[in-house]
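here is the input, now give the coordinates:
(one chain, ligands or ions: 1)
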Amino acid sequence: MPFADLGLSDQLLRAVTDSGYDVPTPIQKGAIPPVLMGKDLIGIAQTGTGKTASFVLPMIDILAEGRSRARMPRSLILEPTRELAAQVAENFEKYGKYHKLSMALLIGGVQMGDQVKALEKGVDVLIATPGRLMDLFSRGKILLTDCNLLVIDEADRMLDMGFIPDIEEIWTKLPKARQTLLFSATMPPPIKKLADKFLSDPKTIEVARPATANINIEQRLVITRGDKKRDLLRTILRGEEFKNAIVFCNKKTTVRELYTSLKRSGFAVGQIQGDMDQSDRIAEFDRFKKDEITILVASDVAARGLDVKGVSHVINFDVPWQPDDYIHRIGRTGRAGAKGIAITLATREDGEAVAAIEKLTGIKLPRVDGEKSEATPAEEPRRQEPRRTEPPAKGRGRSPTKPESKPREPIVQEERPVAAKSRKAASPLPDGDGDWNGPVPGFLSFGAL
Ligand code: AMP
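The predicted structure follows:
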């Protein structure tokens, strides 16, 4: 089925063609027509399936009619993390380039003044993290009475991060007659209950069984010893099939240490973890996107939902404690039809966590014996020359043993201002006339909001 059959406007189809997409992905095929018809929707889809465009595209056409009023956004998209919110904003920029819609990004970790100014001009689309939205709400800076379209993205992640009470409260401030779209990779009972309570006769689109990993991802479980993990990792990173990788660790301190160790070995490596301030995280992610570094060592909270095309490997340096984190981690590769490899390094102590992953995904992960396989280096690893020069390491030095705690961390970060020196000047906000033809926000400029 071509995009033209989904009922989207000609301007949108042009923007889709400009983006290089020929055919809609299954979630887009399933979601766009009912959303355009004004129906509530539950989209069960993993990241990497094209789910962002499945709500951004019809929203642009729905919002094309009508005008925004000061402090009263016409639609609201809730995202669990700032990175995801910024990515959705990028999608609006990309697909909305032939429309005159205004947008504001309301995320923590950046100063509030510009965000408030944008709201006062009136916005068609407000993309927000729950914490910052509630904050502005309590200061009387925002009214949701005109907000007829609500999107809750990554609902299961919102649950993990403790945002559900905020969302329930936000729900009570919206008009009764509204359209609600809820997206989630998995459908745990609390999310199901929430959907039953707040959505009206929703259409459910499921593009893969909940918690089923993408078939384009080849998964391997390498059994090794804790003290061999770094050597094994280096071997994988020097392997022939390796192009680039996100390497996940369970703790911030492991991220920092592994980053330092890989850097010392000459790898073009960056890190992204919750102790770094927002501008440093954005800068690291941007270097990875631009291929300036080929390895990004990451924690779950910092890396959730990051969208980079063509990531060849996801490597779980630690087996994730939460099985649904496994699905989300490996979903960073094998995106939009590309092939990917997901390697998990496991020790004998990880049996329980591995069993939980296999129960959730319904597949037995193919085992590779790290002791015997060629993945184990026979001797001292060779040094690899860095591909590019890197700036000094950033964002070190706090809570060395604390795990990357999902429920607490984002809330703390919402309060943390971004250092003025690192804020970029370009603003992604519309000009006074609400036109989007201004600077592209992207990751480097949204700090200006
Ligand atoms: P998402 O699931 O929204 O994170 O999207 C994953 C990736 O798929 C993004 O890089 C999108 O740009 C890309 N994408 C979205 N729609 C399509 C499409 N119809 N064809 C090919 N790629 C797409």
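
and the strands in this structure?
41-44, 75-78, 103-106, 125-128, 149-152, 179-184, 203-206, 217-223, 245-249, 269-272, 295-299, 313-316, 340-346, 367-369 (DSSP state E).

buried ones in the last one?
Buried residues in strand 367-369, defined by neighbour count with 16 or more other CB atoms under 10 Å: Val368. The C-beta positions use only the backbone N, C-alpha and C, and glycine is treated the same way.

what does this structure have sitting close to the ligand?
Along the chain, the residues adjacent to the ligand under the rule CB under 6 Å from any ligand atom are 21, 24-25, 28, 47-53, 307, 309, 335-336.

can you select the buried ones from those in PyMOL?
Selecting only the buried entries of these in PyMOL, with 16+ other CB under 10 Å as the criterion:
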select buried, resi 21+24+25+28+47+48+49+50+51+52+53+307+335
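
pLDDT-wise, what's the bottom of the residues of the chain next to the ligand?
Lowest pLDDT of those: Ala336, 64.

ok, back up a step: in a markdown table, list the strands of the chain along with mean pLDDT.
As requested, those are exported to a markdown table (pLDDT from 0 to 100):
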| stretch | mean pLDDT |
| --- | --- |
| strand 41-44 | 95 |
| strand 75-78 | 97 |
| strand 103-106 | 92 |
| strand 125-128 | 96 |
| strand 149-152 | 97 |
| strand 179-184 | 96 |
| strand 203-206 | 94 |
| strand 217-223 | 90 |
| strand 245-249 | 95 |
| strand 269-272 | 95 |
| strand 295-299 | 94 |
| strand 313-316 | 94 |
| strand 340-346 | 92 |
| strand 367-369 | 81 |
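
let me have those in TSV, extended by distance to Gly96.
Converted to TSV, these look like this (distance: least, CB to CB, whole Å):
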stretch	distance to Gly96
strand 41-44	20
strand 75-78	12
strand 103-106	8
strand 125-128	8
strand 149-152	15
strand 179-184	17
strand 203-206	23
strand 217-223	31
strand 245-249	29
strand 269-272	28
strand 295-299	29
strand 313-316	31
strand 340-346	29
strand 367-369	45
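
look up phi and psi at the residue lying closest to Gln278 once chain neighbours are set aside.
Of all residues not flanking Gln278 in the chain, Gly109 sits nearest, at 3.9 Å (CB to CB, 6 or more residues apart in numbering). Backbone torsions of Gly109, given as degrees, to the nearest 10, read phi 80, psi 0.

what count of nearby residues applies to Gly109?
Counted with other CB atoms under 10 Å, the neighbours of Gly109 add up to 21.

that one contacts Gly274, doesn't it?
No - using CB atoms under 8 Å, Gly109 is not in contact with Gly274; the gap is 11.0 Å.

output stretch 84-103 as PDB, nothing but the C-alphas.
Extracted in PDB, the C-alpha atoms of stretch 84-103 (Å, rounded to 0.1, in the frame of the first residue of the first chain):
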ATOM      1  CA  LEU A  84      12.500  11.400  22.900                       C
ATOM      2  CA  ALA A  85      10.600  14.700  23.100                       C
ATOM      3  CA  ALA A  86      13.400  16.300  21.000                       C
ATOM      4  CA  GLN A  87      13.100  13.500  18.500                       C
ATOM      5  CA  VAL A  88       9.400  13.900  18.100                       C
ATOM      6  CA  ALA A  89      10.000  17.600  17.600                       C
ATOM      7  CA  GLU A  90      12.500  16.700  14.800                       C
ATOM      8  CA  ASN A  91       9.800  14.600  13.200                       C
ATOM      9  CA  PHE A  92       7.300  17.600  13.300                       C
ATOM     10  CA  GLU A  93      10.000  19.700  11.600                       C
ATOM     11  CA  LYS A  94      10.600  17.100   8.900                       C
ATOM     12  CA  TYR A  95       7.000  16.300   8.000                       C
ATOM     13  CA  GLY A  96       5.500  19.700   8.800                       C
ATOM     14  CA  LYS A  97       7.700  21.700   6.500                       C
ATOM     15  CA  TYR A  98       4.900  22.500   4.100                       C
ATOM     16  CA  HIS A  99       2.400  23.400   6.900                       C
ATOM     17  CA  LYS A 100       2.200  26.500   9.000                       C
ATOM     18  CA  LEU A 101       2.000  25.000  12.500                       C
ATOM     19  CA  SER A 102       3.700  26.200  15.600                       C
ATOM     20  CA  MET A 103       5.400  23.900  18.100                       C
END
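
distance check, the residue nearest to Thr47 when sequence neighbours are not counted against Gly266.
In space, and not counting its chain neighbours, Thr47 is closest to Gly331: 4.9 Å by CB to CB, 6+ apart. To Gly266, Gly331 is 29 Å away according to CB to CB, to the nearest Å.

more neighbours, these two?
For Gly331 versus Gly266, neighbours defined as other CB under 10 Å are more numerous around Gly331 (24 against 15).

Thr145: neighbour count?
Count around Thr145 with other CB under 10 Å applied: 11.

where's it relative to Trp321, distance?
Distance of Thr145 to Trp321, computed by CB to CB: 41 Å.

again, but for Glu79
For Glu79 relative to Trp321 (CB to CB), the value is 23 Å.

mind checking how far Arg348 is from Val354?
From Arg348 over to Val354 (counting by CB to CB), the distance is 10 Å.

compare those two (neighbour count), which wins?
More neighbours surround Val354 than the other of Arg348 and Val354, with 20 against 9 (other CB under 10 Å).

for that one, give me its contacts.
By CB atoms under 8 Å, 6 or more residues apart in numbering, the contact list for Val354 reads 221, 319, 344, 346, 365.

highest neighbour count among those?
Highest neighbour count within those: Thr344, with 26 neighbours (other CB under 10 Å).

what about the closest residue to that residue other than its chain neighbours, neighbour count?
Once flanking residues are discounted, Thr344 sits nearest to Asn316: 4.0 Å by CB to CB, 6+ apart. Per other CB under 10 Å, the neighbour tally for Asn316 reads 24.

burial measure for Val23, as a count.
10.

how much space is there between the nearest residue to Arg287 once chain neighbours are set aside and Arg234?
Leaving aside its chain neighbours, Arg287 sits nearest to Ile293 (4.9 Å; criterion: CB to CB, 6+ apart). Distance, Ile293 to Arg234, by CB to CB: 16 Å.
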